[in-house]
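S.K.: any chance you could fold what I've pasted below:
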Amino acid sequence: MLYSIKEICSIIGAQCYGKHDTNVEWLLTDSRSLTFPESTLFFALKTKYGDGAAYIQQLYDRGVCNFVVSRLPEESDKVYPDCNFLVVDNPLHALQTLAEFHRKKFDLPVVAITGSNGKTVVKEWLAQILSAEYNVTRSPRSYNSQIGVPLSVWLLAPNSQVGIFEAGISQMGEMGKLQRIIQPSIGVITNIGDAHQKNFDSLEQKCIEKLSLFKDCKAIVYNEDNSLIRDCIRHQAFDATMLNWSLKDRNAFLFISDIQKDTATSFSFSTSNMKGQITIPFTDDASFENAAACLTAAVYMNVSIDTLQRRFSLLEPVAMRLEVKEGINSCTLINDSYNNDLNSLDIALDFMNRRQEHTDKTFTLILSDIYQSGMPEKELYEKVAQLVNSHNISRFIGVGETIGRNMSCFSIPTQHFADTESLIASGICHRFSNEVILIKGARAFGFDRITAIMEKKVHQTILEVNLSALVDNVNHYRHFLAPGTKMVCMVKASAYGAGSVEVARTLQDHRVDYLAVAVADEGVTLRKAGIHMGIIIMNPELTAFKEMFDNELEPEVYSFELLDALIEAARREGITNWPVHIKIDTGMHRLGFHPERDMDRLIDILSHQSAVKPRSIFSHFVGSDSASFDDFTAQQFALFDKARKKVQAAFPGKILCHICNSAAIGRFPQYHLDMVRLGLGLYGINPVDNSIIHNVCTLKSVILQLRDVPATDTVGYSRRGTLTRPSRIAAIPIGYADGLNRHLGRGKAYCLVNGHKASYVGNICMDVCMIDVTGIPCKVGDNVEIFGDNLPVTVLSDALDTIPYEILTSVSERIPRVYYQD
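M.R.: Below you'll find the model as predicted:
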């Protein structure tokens, strides 16, 4: 829908500077995600991480002329003569007010989903179930925040018949704002867990805050068997129909019984006017609970039993993520081959477009028909063509009947195939070369077959790296920082095993201040990949100075020998004021200058040369994660504080000071100084409280073979795998050459198969190991989690009496890294 600038000014109560009453169709809060500049309204949000007003000039240069700001840019009438500036007190509040007004234009069922986990799955599954009969508008991916919800609700259009939106909160007082924007008629609460618990006094308080989303709902879906949710709902005295589902209470709105699990889950259900049996193609408990919530809502919305049975049996895994994989012929694959609509296409193209500055590869899009858009066919593909043009795609490949009828919409080189089989049969998959290829299709087209052909043939064992979780962890630690405090992120040792290039790209995209690696070669790799931000070399070698100069890498300096050699090398190259980072040894006794004995000499040397210039001075806490070392931590800081002040006093320019590592960021805000260093916490490991950040890396394998072994036999080399009962043994393709420590064998540790613990049996081999899956429902090809979201890496490190760093950095280079973004 289009709104004029005049209308929007009235809606949000803005004072308008500019006289160009243009129409707005798109709302933008992230300057990197611009698609249609001429019809975009940019909200210059001010957050702890930055001020959107800093990107006005950049957006103006790209064609944006409409801005919501909290202050008018200087000389705006001269610098931006053709722009409209809508000045308000709070741009975020203005965004929410505009979305709230937009929502009121629609009289339709709107489902709001909240809870600690499962929101996105329930939203996507409910959309799958309802989309056969309704045109469903839903939140893109996990857009459930104070910013994401208004952007989601803005997607409601005249052809929308049902809205499904998820809502997430992290503190008290947030849900009321989301309720006014979504204005739901049906509420669904999934569960209540520990996520974001630090900002709530109790689980009950958090549950009540989440339930405030439903204050005007006509119906509320919840699990009657969850006593916390049940009691909180009863105490709120909602004027709504209670759509409770239960395995225990036959008087519940929907009663579930006769649950059977094998390779799928089947169960019977009954309501006051319907009964039947449902099968879902999943066996885990979380999927069952999510399906039960969807079933309850769908029954209330009068979906027929035949449709329910058919749709639930065909439920698809929710792949709300973009995967980045290495392809054949020097290609990079971005796989989004599980769903396809206009909004998710825009997000995927934006994700792809952000890689252009990092590569000389051309950009190709493979796209299937878009189903159930609710738009006229011609109009739909004209929109697709606009998206393609605005994201600098070089080649377009369309697959499907309707897209074939509309290939004339596209002005770039195109190819068309009637179906996926025709595309594969053409041999085109083997002819791509040096391209970034976005593979985007509805699940019915089976584009995963295209990805499988084009993917560089790799190990069946993979390390999944969740880039969204990585960003969440950065933002978690940013919350502790005062405005202006900088952050260094550690990406040494291939980003703790995650892969330094993709991690660095993500961190650069989210504007961290510095990266740090161990050796110059790691920094050169990042520069070649297009990383242009500051990079610190923590362990510079005397032979690598030329590489550092050529690639603008900033060395740590920890000794006089290194300092003298660096100054001499810089002089030979004619270099002046090369930034260096001075390391002070306050107690680690690994590397660094003495905080007292060495300071005068250090200052004297630095003062009498111009080749290098101190950019920062820093030290390293020994035990900031343990309260037992707090006195020593204070002692370290006192030594560092004295040394850094002495150095700073000797030089006129600002020298950044930093000493806090991941644990100290949360525990010692008084020691933050100018900058902090985020290492292990970036990757989801916090020795103090691991529940407050997100796991980033998941090591997964698959079952290669299953066999039944009698109790009298043994398993593996040297007959070390003895059995106490007849056992079902699975072989999985991971061994000590992949980084699975041999000492985890013979029952010392376990992995997870379909959520069940499966112990390692016998000695772990070089390329394969065996696990005991007796009594676990599983089959060849099922996934096995070595460590990850459900099996913390600390379980393995504890079993080996080591630290998580060792487990993460031990994952072999032959294990492919698969990157995804939620």
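
S.K.: CA only for contacts and neighbour counts going forward, please
M.R.: Noted.

S.K.: can you count the residues close to residue 251?
M.R.: Other residues near residue 251 come to 12 when the count uses other Cα atoms under 10 Å.

S.K.: name the SS class of it, please.
M.R.: For residue 251, the assignment made with DSSP: H, G, I helix; E, B strand; the rest coil gives coil.

S.K.: how near is residue 724 to residue 425?
M.R.: Distance of residue 724 to residue 425, given as Cα to Cα, to the nearest Å: 52 Å.

S.K.: also residue 221?
M.R.: Relative to residue 425, residue 221 is positioned 48 Å away (Cα to Cα).

S.K.: between the two, which one's more packed in?
M.R.: Neighbours were counted for residue 221 and for residue 425 using other Cα under 10 Å; residue 221 has more, 24 against 9.

S.K.: just checking: what are the partner strands of the helix or strand where the more buried one lies?
M.R.: Per DSSP states H and E, residue 221 falls inside strand 219-223. Here strand 219-223 is paired, per DSSP bridges, with strand 186-189 (parallel), strand 241-246 (parallel).

S.K.: single out the most deeply packed of those strands.
M.R.: strand 186-189 (a mean of 27; mean count of other Cα atoms under 10 Å).

S.K.: quick one: distance of that one to the chain centre.
M.R.: Here the centre of strand 186-189 is set off from its chain's centre by 25 Å, with Cα atoms, centre = their mean, to the nearest Å.

S.K.: contacts made by it with the rest, please.
M.R.: With contacts defined as Cα atoms under 8 Å, 6 or more residues apart in numbering, strand 186-189 is touched by 109-115, 211, 213-214, 217-222, 293, 297.

S.K.: so for that strand, mean pLDDT?
M.R.: Across strand 186-189, the average pLDDT comes to 98.

S.K.: re earlier: buried residues, the strand holding residue 221. List them.
M.R.: Using 16 or more other Cα atoms under 10 Å as the test for burial, strand 219-223 gives 219, 220, 221, 222, 223.

S.K.: and what of stretch 395-404?
M.R.: 395, 396, 397, 398, 399, 400, 402, 403, 404.

S.K.: surely residue 228 is within a helix?
M.R.: Yes: assessed by three-state DSSP, residue 228 belongs to a helix.

S.K.: need phi/psi at residue 416.
M.R.: For residue 416, the backbone dihedrals are phi -130, psi 140 (criterion: degrees, to the nearest 10).

S.K.: begin at 19 from now on, thanks
M.R.: Got it, the first residue is 19 from now on, which makes the last one we talked about residue 434.

S.K.: which residues does it bridge with?
M.R.: residue 416.

S.K.: if you tally nearby residues, what's the number for residue 168?
M.R.: Residues near residue 168, counting by other Cα under 10 Å, number 27.

S.K.: next, it: secondary structure please.
M.R.: Following three-state DSSP, residue 168 is assigned to helix.

S.K.: show the contacting residues for the nearest residue to it once chain neighbours are set aside.
M.R.: Of all residues not flanking residue 168 in the chain, residue 117 sits nearest, at 5.1 Å (Cα to Cα, 6 or more residues apart in numbering). When contacts are counted by Cα under 8 Å, 6+ apart, residue 117 touches 168, 169, 171, 172, 199.

S.K.: just among these, which is most surrounded?
M.R.: Counting by other Cα under 10 Å, top hit in those: residue 168 with 27 neighbours.

S.K.: my guess is it contacts residue 114. True?
M.R.: Yes: with contact defined as Cα atoms under 8 Å, residue 168 reaches residue 114; the gap is 5.6 Å.

S.K.: overlap in contacts, these two.
M.R.: Both residue 168 and residue 114 are contacted by residue 199, under the criterion Cα under 8 Å, 6+ apart.

S.K.: still on that earlier bit, same list (the contacts of residue 117) but as TSV, adding distance to residue 776.
M.R.: Converted to TSV, these look like this (distance: Cα to Cα, whole Å):
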residue	distance to residue 776
168	44
169	43
171	44
172	47
199	46
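
S.K.: tell me the centre residue of this structure?
M.R.: Nearest to the mean C-alpha position of the chain, by Cα atoms, centre = their mean, lies residue 486 at 1.0 Å.

S.K.: what is the closest residue to that residue other than its chain neighbours paired to in the beta sheet?
M.R.: With sequence-adjacent residues excluded and distances taken as Cα to Cα, 6+ apart, residue 486 is closest to residue 839, at 5.1 Å. Residue 839 forms beta bridges with residue 340, as assigned by DSSP bridges.

S.K.: any idea how far residue 441 is from residue 839?
M.R.: Noted for residue 839: a distance of 27 Å to residue 441, by Cα to Cα.

S.K.: ok, and what's touching stretch 353-373?
M.R.: 50-53, 158-159, 337, 339-343, 352, 386, 388-389, 391, 402, 405-406, 409-410, 454, 456-461, 464-466, 469.

S.K.: ok, of the residues you listed, which come out buried?
M.R.: If we count by 16+ other Cα under 10 Å, the contacts of stretch 353-373 have these buried: 51-53, 158-159, 337, 339-343, 352, 386, 388-389, 391, 402, 405-406, 409-410, 454, 456-460, 464-466, 469.

S.K.: mean confidence score for stretch 210-224?
M.R.: Here the average pLDDT along stretch 210-224 is 83.

S.K.: how far off centre is that stretch?
M.R.: Chain-centre distance of stretch 210-224: 22 Å, with Cα atoms, centre = their mean.

S.K.: can you list the residues that contact that stretch?
M.R.: Taking Cα under 8 Å, 6+ apart as the rule, stretch 210-224 contacts 133, 134, 135, 188, 189, 190, 225, 246, 247, 250, 709, 710.

S.K.: wasn't residue 312 part of a helix?
M.R.: Yes: the assignment for residue 312 (three-state DSSP) places it in a helix.

S.K.: and it, how close does it get to residue 390?
M.R.: Remark: distance between residue 312 and residue 390 (Cα to Cα) = 20 Å.

S.K.: give me the more crowded residue out of these two.
M.R.: Set residue 312 next to residue 390 and count neighbours by other Cα under 10 Å: residue 312 wins out with 25 against 14.

S.K.: which residues does that one contact?
M.R.: Contacts of residue 312 by Cα under 8 Å, 6+ apart are 140, 143, 144.

S.K.: for residue 686, see how far away the second one is.
M.R.: In this structure, residue 143 and residue 686 are 44 Å apart, going by Cα to Cα.

S.K.: and the two? Which one has more around it.
M.R.: residue 143 (22 against 17).

S.K.: after the strand or helix carrying the more buried one comes which helix or strand?
M.R.: Taking DSSP H and E as the criterion, residue 143 maps to helix 137-148. For helix 137-148, the following helix or strand on the C-terminal side (DSSP H and E) is strand 154-156.

S.K.: what residues sit buried inside the helix ranked longest in the chain?
M.R.: In terms of residue count, the longest helix belonging to the chain (DSSP state H) is helix 648-667. Buried residues in helix 648-667, counted by 16+ other Cα under 10 Å: 648, 650-651, 654-655, 657-659, 661-662, 664-666.
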